[in-house]
Structure formats: C-alpha cells, structure tokens
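**Student:** Structure, please.
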Amino acid sequence: MFKSLASFAIATMMLIGVANAFDGDATYYSAGLGNCGNQSKDSDSIVALSTQEYNGGAHCGKHINV
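**Tutor:** Now for the predicted structure:
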C-alpha cells in the first residue's frame with residue numbers, strides 16, 4: 001500500500017494523466033474483487049478511483065510508477 005497520502009496523490013495524477021490537484025479524505029479498504037473484474041489481495045499495490053476518474057473502466061489494468 002502507499003506509504004503516504006502524497007504518494008497516493010502523485011500516483012493518481014500519473015494514472016489519469018493530468019496535473020490537476022485533488023483534495024479529499026484518505027480512506028482504506030480491504031481488497032477483493034474489483035470493479036474491473038480483477039481479484040486483488042491486501043498486499044497488492046492498488047488504488048481506488050472516483051466514479052469520474054474510473055470513466056467506465058478506461059483505466060483498468062493500467063500501471064503507474066511512483
């Protein structure tokens with residue numbers, strides 16, 4: 001999992017390809033069957049996207065470098 005909120009924010013911006021700032025609450029969840037249809041476990045490095053950023057699955061299977 002991400003070590004800090006800053007890493008999460010940078011990773012999210014890289015994933016969606018924009019340089020806009022985002023704000024909101026940091027949350028956590030238990031991994032499992034994701035909306036993209038992939039099974040994840042808690043030790044996997046995964047991020048959650050808002051409905052708008054999810055964009056109907058446009059970012060499923062994408063990878064990011066942090």
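**Student:** you'd agree residue 53 is in a helix?
**Tutor:** Yes. Secondary structure assignment places residue 53 in a helix (DSSP: H, G, I helix; E, B strand; the rest coil).
**Student:** Surely it is in contact with residue 59?
**Tutor:** Yes. Between residue 53 and residue 59 there is a contact at 7.2 Å, judged by Cβ atoms under 8 Å. In this view, the C-beta of every residue, glycine as well, is placed from N, C-alpha and C.
**Student:** Could you report the distance from residue 59 to residue 34?
**Tutor:** From residue 59 across to residue 34, the span is 12 Å (Cβ to Cβ, to the nearest Å).
**Student:** Repeat that for residue 41.
**Tutor:** 11 Å.
**Student:** do residue 63 as well
**Tutor:** 15 Å.
**Student:** And these two? Which one has more around it.
**Tutor:** Taking neighbours as other Cβ atoms under 10 Å, residue 63 and residue 34 compare with residue 34 leading, 13 against 7.
**Student:** And the nearest residue to that one once chain neighbours are set aside, how far from residue 23?
**Tutor:** With Cβ to Cβ, 6 or more residues apart in numbering as the measure, residue 40 is the residue that lies nearest to residue 34, at 5.8 Å, once sequence neighbours are left out. Residue 40 is 26 Å from residue 23, where distance means Cβ to Cβ.
**Student:** more crowded one of these two?
**Tutor:** Shown here are residue 40 and residue 23; by other Cβ under 10 Å, residue 40 has more neighbours (14 against 5).
**Student:** If anything else comes up later, I'll come back, but that's it for now.
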